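Undergrad: what follows is a predicted structure for the sequence shown.
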Amino acid sequence: QLQESGPGLVKPSQTLSLTCTVSGGPITTGYYYWSWIRQSPRKGLEWIGYIAYSGSTYYSPSLKSRTSISRDTSKNQFTLQLSSVTPEDTAVYYCARGSIQYGYDYWGQGTQVTVSS
């Protein structure tokens, strides 16, 4: 299971920070890619980036300059930080488990983040 947590309201120019807590197995094994994905009415489904089982990261080119994904293996969590947010970053944010073989097979329930002053 995956569960997102974090503030639902962020002010413009601040940093959005969300944590995904994973249960059912360590995030350091299994050749999985622990990802962040968001969805908004304006942009649809948008992939943000991932941190792999190995700890390597990869980000969407359009968001790369503002994105950082890290992990805390002791808590089996991974975290998204998106800096300099604007109202266009308002979306439902999901964490998900991905693999080459099965695609995205497990998702969190999603958390609404609104960027507004």
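TA: Yes, it's here. What you see is a predicted model; the values in this text were computed from it and never measured. Residues are numbered from 1 along each chain as shown.
Undergrad: rounded mean pLDDT for stretch 50-59, please.
TA: Stretch 50-59 shows a mean pLDDT of 96.
Undergrad: for that stretch, buried residues please.
TA: Buried residues in stretch 50-59, counted by 16 or more other Cβ atoms under 10 Å: 50-53, 57, 59. Every C-beta, even on glycine, is put in place using the N, C-alpha and C of the backbone.
Undergrad: again with stretch 98-112
TA: Quick answer for stretch 98-112 (16+ other Cβ under 10 Å): 98, 107-108, 110-111.
Undergrad: next, residue 28: phi, psi?
TA: phi -90, psi 0 (degrees, to the nearest 10).
Undergrad: contacting residues around residue 45?
TA: For residue 45, the contacting residues are 37-39, by Cβ atoms under 8 Å, 6 or more residues apart in numbering.
Undergrad: run the last query once more with 10 Å
TA: By Cβ atoms under 10 Å, 6 or more residues apart in numbering, residue 45 lies in contact with 37-39, 91-92, 94.
Undergrad: now residue 92
TA: By Cβ under 10 Å, 6+ apart, the contact set of residue 92 is 4, 37-41, 45, 109-113.
Undergrad: identify the farthest-apart pair in the buried residues of stretch 50-59.
TA: Across the buried residues of stretch 50-59, the longest distance by Cβ to Cβ is 16.9 Å; it joins 53 and 59.
Undergrad: tell me the phi and psi of the spatially most central residue of the chain?
TA: Closest to where the C-alpha atoms of the chain average out (Cα atoms, centre = their mean) is residue 36, at 2.6 Å. Dihedral angles of residue 36 (phi, psi; degrees, to the nearest 10) stand at phi -120, psi 130.
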